[in-house]
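1. Quick one: sequence plus predicted model below, questions after.
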Amino acid sequence: MSFLSSLKRAAAAALVLGLAAAAVPAHAQKIRVGYWPSGLTLGYGSVLEAGSFFKDQGLDVEYVHFSDVNGPTRAIAANAIDLAFGSPAAGAFALATDGVPVKIILATQPANVAFVVPEDSPIKSLADLKGKKVGMSPAGSSTATIASAVLAGNHGIQEKDFSLVPGNEARLVQFLAQKEVDAAALRNVTVAQIKDLKVRTLSTFADEWRTLTKSDAAPYNAVGVVRSEYLQKNPDAVVRAIVALRKGLEYGRANPAEVVKTVQKAANLPQADAKVFADLWDENYRVSLAEPDQKTLLREFEIFKANGTLKGDLPAGALDPVPYEKALQVK
């Protein structure tokens, strides 16, 4: 079964709907915005939903939640949403190469991920992961794709040389604590929240990527993706959606105490755990598709392709900076 067929078949099962209840003008443009309300996206997504950022831009937003990290990718393929602001970059690339009519319009989440082991582990470096069990986000996610690329490119460890054990962030920590995995690739938010388990960092995605690419760039885990048809019919709505996303980003930066309260309420987290999202806000969230971002994403695609994770060529225009550039003109 092709990647595209798999996405379409899985879309219905993966979808968990969440609706924004705010009243909007009758003439407001409808837009379905999807994201995975777990892991890193929890902080930014909960702030967006709690605010009126889309409404303020004249948009009638329907928020669509997913139970796993690849959910937004499946939903875009199935035309179940119009825009995803935290879609795995690897999945977005795969959609484009499979011919799904989508445009990548933003780079949104740098890959702030670390390879960690329990403090008392005999594993001393990434080279020691050969033949080991490594917990991380599921295959098809950007985390898994980037991990495979750097392990192969920097340490000669191919996908067949280690066992990928999939799970969400909480589950991966549990795997580590119960020694069901030898190591795990965890987001910086998760590492900062760990209390009862002492871990040691072997390396970070950013450091490994710089070694692999011999550059100062760091990879992106997630991107903003829109259905091409929606963009063609509603170009102004997409521009205004990007403005809304930017306003939400700026609000979170200026109001860390409100971020903490919002995340606590959305996820029923202790204050200390919610505070991590505010503390790492500027590290973790972006609303950009400037030229350096485009170059980073194109290099990412080529590395994924060379690693065998992706096949085919990225269609011309798959990265579309025009909506972002127009959004910059809106204050």
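-> Okay, I see it. Just so we're clear, the structure is a prediction, and the values are computed from it rather than from any experiment.

2. Show me where the stretch 201-331 of the chain has its helices.
-> 205-213, 228-233, 235-254, 256-267, 271-279, 281-284, 291-306, 322-327 (DSSP state H, counting those that start in this stretch).

3. For Ala222, give the beta-bridge partners.
-> Counting by DSSP bridges, Ala222 is bridged to Pro88, Gln109.

4. give me the number of residues near it?
-> 33 (other CB atoms under 10 Å). All C-beta spots, glycine's among them, are computed from the backbone N, C-alpha and C.

5. so who does Ala192 touch?
-> Residues near Ala192 by CB atoms under 8 Å, 6 or more residues apart in numbering: 276, 279-280.

6. my bad, should have said Pro166
-> Pro166 makes contacts with 135-139, 144, as judged by CB under 8 Å, 6+ apart.

7. Out of these, flag the one nearest to Ala94.
-> Taking CB to CB as the measure, Ala139 is the one of the contacts of Pro166 closest to Ala94, at 11.4 Å.

8. For the closest one, which residues are in contact?
-> Going by CB under 8 Å, 6+ apart, Ala139 touches 164, 166.

9. Let me know the pLDDT of it.
-> Reported pLDDT at Ala139 in the predicted model: 86.

10. Would you agree it falls within a helix?
-> No - read with DSSP: H, G, I helix; E, B strand; the rest coil, Ala139 is coil and lies in no helix.

11. Look up how far Pro88 lies from it.
-> Using CB to CB, to the nearest Å, we find Ala139 at a distance of 11 Å from Pro88.

12. Next: Ile194.
-> 23 Å.

13. residues contacting Val226?
-> Neighbour list for Val226: 82-83, 102-103, 105, 238, 323 [criterion: CB under 8 Å, 6+ apart].

14. how does this protein divide into domains?
-> 3-111+221-327, 113-213 (automatic domain parsing).

15. Where among the ones you listed is average confidence lowest?
-> Across the domains of the chain, domain 3-111+221-327 has the smallest mean pLDDT, namely a mean of 89.

16. and that one, how far out from the chain's middle?
-> Computed by CA atoms, centre = their mean, to the nearest Å, the chain-centroid distance of domain 3-111+221-327 equals 8 Å.

17. Next, count neighbours for Asp207.
-> Neighbours of Asp207 under the rule other CB under 10 Å: 16.

18. now swap in Ala80 and tell me
-> 21.

19. pretty sure it is touching Val64, no?
-> Yes - counting by CB atoms under 8 Å, Ala80 touches Val64, with 7.1 Å between them.

20. that older thread, out of Ile194 and Pro88, which sits in the more crowded spot?
-> Pro88 (30 against 15).

21. what's the spacing between that one and Val199?
-> Look at Pro88 and Val199: by CB to CB, they are 24 Å apart.

22. hmm, back to that, could I get the helices of the stretch 201-331 of the chain as TSV with distance to Ala185?
-> Shown next, in TSV, are these (distance: least, CB to CB, whole Å):
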stretch	distance to Ala185
helix 205-213	8
helix 228-233	32
helix 235-254	25
helix 256-267	22
helix 271-279	18
helix 281-284	15
helix 291-306	16
helix 322-327	29
